[in-house]
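S.K.: How does the following fold in three dimensions:
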Amino acid sequence: MTSNASPRPGERVRVVMTKWGDRPHWEFDGILLGADEHGDWIGFPAGTHMSRPGATYVAPVAQVGLVPAPGAPVDRGWLATFHAPGGVVTTYVDMTTPPEWDGAVLRAVDLDLDVVRLPEGDVGVDDEDEFEAHRVRYSYPEDVVALAITSCERILTAITEEDRPFDGTAEAWLARVPPLPSGG
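M.R.: Below is the predicted model:
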């Protein structure tokens, strides 16, 4: 899906998530902060406007998104978001198709399953019922089902065991998130 060069640190980027069958889902803007061995880090200042059909959300705290580093698709079936203190979650990981850069646009298909860590430390899987319903309703191919389940299991273990990058690595990146530009 990549059609041209990836963005450079400091550049504005657009995150475009769809649901299976190219149905629109969440879209929002951020700033590419940089990359490390874990992947590309995108900053989302407090006040970032996020929207999907029928819903809008304004980020109450700064967040950083992690796009997994290049590698095998089975290792890249997710997108993580780490939230600054004061939010309703600390970590939220969407199971997705392997995310791909299309210039300054990051694209991935949300596969319903999410792994969430709450501020109190509780970790769990969300939207299992949605995943089960959608895999039938939208005829997810078996390899996509396997990717979502395998990714979810791996991420749940990584967050629970606080494996890198789910060990506080994101804190340094959160410190780099600039304030929302005027005009949002």
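S.K.: Work out the gap between stretch 35-50 and the centre of the chain.
M.R.: Distance of stretch 35-50 from its chain centroid, counting by CA atoms, centre = their mean, to the nearest Å, is 9 Å.
S.K.: give me the low-pLDDT residue ranges for the protein?
M.R.: 1-5, 183-184 (pLDDT under 70).
S.K.: So which residues of it form helices?
M.R.: Remark: helices assigned in the chain by DSSP state H are 128-137, 142-160, 170-174.
S.K.: Please identify which of the ones you listed is closest to residue 182.
M.R.: Comparing these against residue 182 with CB to CB, the closest turns out to be helix 170-174 (21.4 Å). Heads up, the C-betas are built off the backbone N, CA and C, glycines and all.
S.K.: Check which helices and strands the closest one is in contact with.
M.R.: strand 39-44, strand 63-68, strand 78-83 (3 or more CB pairs under 8 Å, 6 or more residues apart in numbering; DSSP states H and E).
S.K.: 6 Å instead?
M.R.: Judged by 3 or more CB pairs under 6 Å, 6 or more residues apart in numbering; DSSP states H and E, the packing partners of helix 170-174 are strand 63-68.
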